Structure formats: structure tokens, C-alpha cells
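# sequence plus predicted model, see below.
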Amino acid sequence: MTLDVAWATRWMLLTREAVAANREYLIDLDRQIGDGDHGENLDRGFSQVVSVLEERPCGSVQDVLKVVAKTLMSTVGGAAGPLYGTAFLRAAKACALEPVNAEGVAALILAALEGIQARGKAERGEKTMVDAWGPASDAAAKAASEGADEIAVLEAAAAAAAEGAAATEPMKATKGRASYLGERSIGHLDPGAMSSSIILAKALEAAKKA
Ligand code: ADP
Ligand code: MG
């Protein structure tokens, strides 16, 4: 399909469903190395995103992503609210061209990564959501430069995000709440990297369905 406003809206509907389905799982991950609120916070945030989109349908991908940014900033709280808020705001600015093509997908993901890093100052390997978005951005850029279409770029990004999230398990957290645990953060998946991988998987699923 073409990555237009219907895609972006469907992306958020699917993300909301997946976050709700993984609410307890994300709470559990966050309980192990944080305070246990990640699943609850995201469930509230993405439910509100969908309510806002249903009340006032958007006219462009950019508008959808701006609504997502604003809504997550005001409803999610914790570390993840401002981080995802900034990610989606930067992503919105990166997709003025619609429908979003292969290069546009890569630009959107890179912008989100840069937003997260501008806000949270984490580098790769610090056991945060950067460890999902970083590899996703690299994979998307590589696929786009090799001539992949937008679906294949999303496929590459989603796969890399899932691998990146899995790779946080042996890492020691040096940013965010999990860093308070030091060595004891080793051996657990990072909740934010996992939720990021879910979000990117749904971007792909929405593109395949629509
Ligand atoms: P809090 O830690 O305030 O309870 P959440 O539980 O909502 O926030 O989110 C925790 C997630 O936020 C972590 O799993 C991690 O992925 C991400 N995170 C925390 N600090 C940073 C940071 N400085 N940069 C990037 N991501 C971060
Ligand atoms: Mg938390």
C-alpha cells in the first residue's frame, strides 16, 4: 500500500491494540529493572492517541504523528512520555512528503532516533530504547539505499528493532532508572526497547494490511 494518512492512522490503531495486549508483559519487564509503570503508561497514552484520532481524523501523516507526539507527551509521563513525544514530533517533521516512500521511511526512523537521543542523551549500548531505534534506523537507511521499496524498508527496520531489543538483555544499564541497579540490570530486557520494537512492528503490519 501507499504510506498515507490511512496507514499512519492504522499504525496507531494496531499499536494501541498491541500495547494493550502487552500491557502486563511491559509492566513485568519494567518491574524487573525499573518501577513497573511502562506498560500502564503506554497503554494509557496510546488509548488516548486513538481516541483523539477517532474524534478528529487527521488529513496527513504529518498531522497524525503530531497528534501522537502531543498526546504521548501529555498522557504517558515517566521517561518514556517525553522520549516518545520527541521521537514522534521529529518524525512528523521528517515526513512532509506524502505518501511516504522508502527514503521517507528511513528519514522518519532516523528523525525519531535523533529526537530520542536529543532528549535522553543515551548512546547505543546503554540499554535503552536507543538500542532498538538505532539498529532500526541503520537497517532502514541501508535497505532504502539499496533500492528497497517502503514495505521492505519497514521490514528491515522492524526486524532490526526486534533484534536490538533482544540484544539489551546482557547489557548493563547506564541511563534511565534501570541504571540505578548497576550490574543487577544485566540479564533483563529493556522495556522501552521492547515497546519500541512493538511500535515498529506495527508500522510494518499497518503497511501490509492497508
Ligand atoms: P520511568 O523510568 O520514568 O518509569 P518508563 O518506565 O515509562 O519511565 O520508561 C522506561 C524506558 O525509558 C526504559 O526502558 C528505556 O528504554 C527508556 N529510557 C529511560 N531513560 C532513557 C534515556 N535517557 N534515553 C533513552 N531511553 C531512555
Ligand atoms: Mg518505569
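Good, I have the coordinates. Ligands and ions are numbered 1, 2, ... in the order given.
# was I right about Glu103 contacting Ala143?
No: at 10.3 Å, Glu103 does not count as touching Ala143 under the criterion of C-beta atoms under 8 Å. The way it works is simple: take the backbone N, C-alpha and C, and place the C-beta from them, glycine included.
# residue in this protein with the shortest distance to ligand 1?
In the chain, no residue comes nearer to ligand 1 than Gly192, which is 2.0 Å away by C-beta to the nearest ligand atom.
# show me what from this protein comes close to ligand 2.
Residues of the chain lying near ligand 2 by C-beta under 5 Å from the ion: 30, 34-35, 37-38.
# try 8 Å
Selection of the chain residues close to ligand 2 by C-beta under 8 Å from the ion yields 30, 34-38, 41, 78-80, 177, 191.
# most neighbours out of the residues you listed, which is it?
With neighbours defined as other C-beta atoms under 10 Å, the most crowded of these is Pro191; it has 32 neighbours.
# where do the strands sit along this protein?
Using DSSP state E, the chain contains no strands.
# which parts of it sit against ligand 1?
Contact residues (C-beta under 6 Å from any ligand atom) of the chain with ligand 1: 30, 34-35, 37-38, 41, 78-80, 83, 116, 120-122, 128-130, 175-177, 190-193.
# follow-up on the earlier one: lowest-confidence one in the residues of the chain next to ligand 2?
The pLDDT minimum for the residues of the chain next to ligand 2 sits at Gly78, where the score is 92.
# now for that one: which residues touch it?
Contacts for Gly78 (C-beta atoms under 8 Å, 6 or more residues apart in numbering) come out as 35, 37-38, 41.
# distance of it from Ser195?
Noted for Gly78: a distance of 11 Å to Ser195, by C-beta to C-beta, to the nearest Å.
# before we move on, what about Leu83?
10 Å.
# now do the shared contacts for the two.
Contacts common to Leu83 and Ser195, judged by C-beta under 8 Å, 6+ apart, are Met129.
# what about the residue of the chain positioned farthest from its centre, distance to ligand 2?
Residue farthest from the centre of the chain, counting by C-alpha atoms, centre = their mean, is Glu183 at 26.2 Å. To ligand 2, Glu183 is 20 Å away according to C-beta to the ion, to the nearest Å.
# thinking that residue is in contact with Lys172, fair?
Yes: here Glu183 lies in contact with Lys172, judged by C-beta under 8 Å, at a distance of 6.2 Å.
# right, I'll call it a day here.
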